[in-house]
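Asks: What would the 3D arrangement of this be:
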Amino acid sequence: METIYGSVFKGSDAIYACQLNGQGGITAFGEDSLATAEQPFWQHLDYKNQDSHQWLMNTTLLPSPIKDGLLSESIRPKVLRMGEGTLITLRSVNRNDNARPDHLVSFRIYINDRIIISSRHRKIHSIDQVLDDLHNGVGAKSTGQWLVEIAGAITDEANDFIEELHDSLIELEDDILEQKVPGRGELVLLRKQLIVLRRYMAPQRDVFIRLASERLPWMSDEERGLMQEIADRLGRGLDELDGCIARTAVLADEITSMMADAMNRRTYMMSLLAMIFLPTTFLTGLFGVNLGGIPGHAYRFGFGLFSLLLSILIVIFAWWLRRSKWL
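Replies: Modelled structure (predicted):
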């Protein structure tokens with residue numbers, strides 16, 4: 001087994017670099033520090049940083065497929081086992097400023113019993129929880145435990161976002177019950193976020209299940225059990241997503257029905273108005289012809305009397321429609 005010293009990471013320009021002390025905390029490491037199963041190294045890189053990218057391309061520590069995986073734009077969660085280590089690609093909710101949470105962030109990890117090399121471009125806020133635990137001395141003691149904590153933090157953040165989407169859905173349902181039509185695009189955005197999250201979290205659950213089932217040498221039985229619990233938690237979140245997606249379809253049908261009813265009511269009222277004025281329209285058309293013999297044309301108050309009769313006719317016709325329960 002190749003001996004790994006801290007000097008191999010020289011020039012990597014890592015966002016974060018530390019050595020787990022095996023007691024739940026971390027310590028800085030130098031070029032002469034040695035990576036062991038009890039005290040593994042962790043390098044967290046921005047793969048679009050020029051120095052980090054160059055280091056990944058040139059290092060002899062990683063095989064070519066692992067380098068490609070850490071640098072690629074692949075966004076589907078997956079697991080690639082190669083030799084002593086495993087490449088894992090995960091997706092995390094985007095909590096960065098001026099970004100939508102459903103624009104998920106890719107997180108790539110190469111891990112074995114002695115080293116952890118992770119890469120991303122946009123910040124992943126769920127890592128902060130793992131870092132805080134390490135700084136407080138209550139964090140991971142091994143690479144397997146570190147992976148469990150990372151998976152748990154990412155899953156908790158995803159489930160929190162699912163809960164936010166569920167609350168938004170309830171608000172829309174309440175508005176529909178009060179006959180309020182949501183703003184343009186609100187339901188479409190909610191449905192899109194639900195579908196995007198479902199698309200990427202389903203394969204991520206499969207990744208966790210595979211990590212729990214495969215007997216990776218750097219994961220203990222207890223850690224595999226915890227990973228299975230994380231997969232189950234994410235599975236319950238996926239069930240919630242499926243239910244929410246189905247409910248958005250019902251909401252869309254209800255909104256369509258509400259708008260159709262509103263249009264029908266307007267059309268009905270316009271038809272009734274046309275019926276009310278139909279007799280008067282006939283009479284005004286008849287008396288408006290430019291022919292002799294129109295009754296009352298020589299009478300001084302003829303126009304006023306004719307207008308009064310038309311008004312009375314409108315009232316009588318409206319009363320008849322109301323009595324017939326058309327109005």
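Asks: tell me, how many neighbours does Glu222 end up with?
Replies: Applying other CB atoms under 10 Å, we find 11 residues neighbouring Glu222. The way it works is simple: take the backbone N, C-alpha and C, and place the C-beta from them, glycine included.
Asks: tell me which element it is part of?
Replies: helix 221-287 (DSSP states H and E).
Asks: Next: Ile109.
Replies: For Ile109, the enclosing helix or strand under DSSP H and E is strand 105-111.
Asks: How about Asp174?
Replies: Since the elements are taken from DSSP H and E, Asp174 ends up inside helix 143-177.
Asks: tell me what that helix is packed against?
Replies: Counting contacts by 3 or more CB pairs under 8 Å, 6 or more residues apart in numbering; DSSP states H and E, the secondary-structure elements packed against helix 143-177 are strand 85-92, strand 105-111, strand 115-120, helix 126-135, helix 186-213, helix 221-287.
Asks: Note down every partner strand of the third one and its orientation.
Replies: Okay, so that is strand 115-120. Strand 115-120 has its sheet partners listed here by DSSP bridges as strand 41-46 (parallel), strand 105-111 (antiparallel).
Asks: and the first one with helix 126-135, angle?
Replies: What it means is strand 41-46. Computed by axes from the mean of the first three to the mean of the last three CA atoms, to 10 degrees, the angle separating strand 41-46 from helix 126-135 equals 150 degrees.
Asks: Tell me which of the helices and strands packed on helix 143-177 lies nearest to Thr59.
Replies: Taking CB to CB, strand 115-120 is the member of the helices and strands packed on helix 143-177 nearest to Thr59, at 9.1 Å.
Asks: so where is the stretch 51-200 of the chain shaky, pLDDT-wise?
Replies: 74 (pLDDT under 70).
Asks: Apply 90 and report the result again.
Replies: Scanning the stretch 51-200 of the chain with the threshold set as pLDDT under 90 gives 60-61, 63-65, 68-69, 71-76, 81-85, 96-103, 121-122, 126, 128-129, 175-187.
Asks: can you check the stretch 201-327 of the chain too?
Replies: Residues of the stretch 201-327 of the chain that meet the criterion pLDDT under 90 lie in 214-215, 252-327.
Asks: what about 70?
Replies: Low-confidence segments of the stretch 201-327 of the chain, defined by pLDDT under 70: 286, 289-299, 326-327.
Asks: still on that earlier bit, can you tell me what sits against the strand holding Ile109?
Replies: Under the criterion CB atoms under 8 Å, 6 or more residues apart in numbering, residues 47, 62, 66, 69-70, 72-75, 85-94, 96, 116-124, 143, 146-147, 150, 154, 218 lie in contact with strand 105-111.
Asks: next one: stretch 173-180
Replies: Residues outside stretch 173-180 that contact it (CB under 8 Å, 6+ apart) are 181-182, 247, 251, 254-255, 258.
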